[in-house]
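J.: Below is the structure, and that's it, no one-letter string:
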């Protein structure tokens, strides 16, 4: 699996998205559509971005009873997306149901990955608010193993955990890693972060980058810098 940079379109309307993507006259970045944009514009924005030639990671982080998730994934699969996710905390039964719903009649489907622990979560928050008292890295690895056993393609995790996920689940098990910033960037609300170059060293398969590209004076240059540092 080749490494790639996924640009997080953390924007709230179609116009902002189109204005941003119009800057890219040579590249067609792999993009992430999250809840903010999807709830604002609906499935139409996914179809439009796909029609422009971009790969799409639909980041909706589904977490519900297995039947609901299965039926939702069947709808999502019809959008011709390339990747979608859910929360591993929803149990293996939910993940297996999602995989069933996502698979089209011809056997094809988007990549399905599971969120382990958000990169805004640290050990203290996990223990005090989620009442999970195991070490954070052990929790991430356990969730990754459950996702692999359910037949998923990979997980969302911190770049700091990517190497260990590959050791536990195999090199072919994908690690999609947010929490990536340039060395001089602010970390914002993320707590488990690193640079594109370091994410490459740690074994991330994909990095998800939002603010350092979206808020850059020259987003295209920032994107190209990410690709140069991560892909080489």
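T.: The structure has been received and is ready for your questions. Source: prediction; values computed, not measured. Numbering: from 1, shown residues only.

J.: pLDDT on stretch 130-149, on average?
T.: This predicted structure assigns stretch 130-149 an average pLDDT of 95.

J.: likewise stretch 5-20?
T.: Stretch 5-20 carries an average pLDDT of 97.

J.: how much distance is there from it to the middle of the chain?
T.: Its chain's average C-alpha position is 15 Å from that of stretch 5-20, according to CA atoms, centre = their mean, to the nearest Å.

J.: distance between the ends of that stretch?
T.: Start and end residues of stretch 5-20 are separated by 16 Å (CA to CA, to the nearest Å).

J.: what residues does it touch?
T.: For stretch 5-20, the surrounding residues in contact (CB atoms under 8 Å, 6 or more residues apart in numbering) are 29-34, 36-37, 40-41, 45, 48-49, 57, 59, 176, 178, 196, 206-211, 213-214, 219, 223, 226-227, 230-231. Where you see a C-beta, it was placed from the backbone N, CA and C, and this is true even at glycine.

J.: ok, 7 Å please
T.: Contacts made with stretch 5-20 from outside it, assessed by CB atoms under 7 Å, 6 or more residues apart in numbering, are listed as 29-34, 36-37, 40-41, 45, 57, 206-210, 213-214, 219, 223, 226-227, 230.

J.: One more: stretch 104-124?
T.: Residues outside stretch 104-124 that contact it (CB under 7 Å, 6+ apart): 61, 77, 81-88, 95, 98-99, 102-103, 126, 136, 139-140, 143-144, 147, 152-158, 174, 176, 178-179, 189-193.

J.: Buried among the residues you listed? Need that as a selection in PyMOL.
T.: Of the contacts of stretch 104-124, the buried ones can be selected in PyMOL as follows, counting by 16 or more other CB atoms under 10 Å:
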select buried, resi 61+77+81+83+84+85+86+87+88+95+98+99+102+103+126+136+139+140+143+144+147+152+153+154+155+156+157+158+174+176+178+179+190+191+192+193
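
J.: Quick check: strands, which of the contacts of stretch 104-124 are part of them?
T.: Judged by DSSP state E, the subset of the contacts of stretch 104-124 located in strands is 61, 83, 84, 85, 86, 87, 154, 155, 156, 174, 176.

J.: List the residues that contact the first one.
T.: Right, the one you point to is residue 61. Listed by CB under 7 Å, 6+ apart, the contact set of residue 61 reads 85, 86, 87, 115.

J.: so which pair among those residues is furthest apart in space?
T.: Largest separation among the contacts of residue 61 by CB to CB: 85 and 87, giving 8.0 Å.

J.: Provide the partner residues of residue 174 in its beta bridges.
T.: Partner residues in beta bridges with residue 174: residue 154, with DSSP bridges as the criterion.
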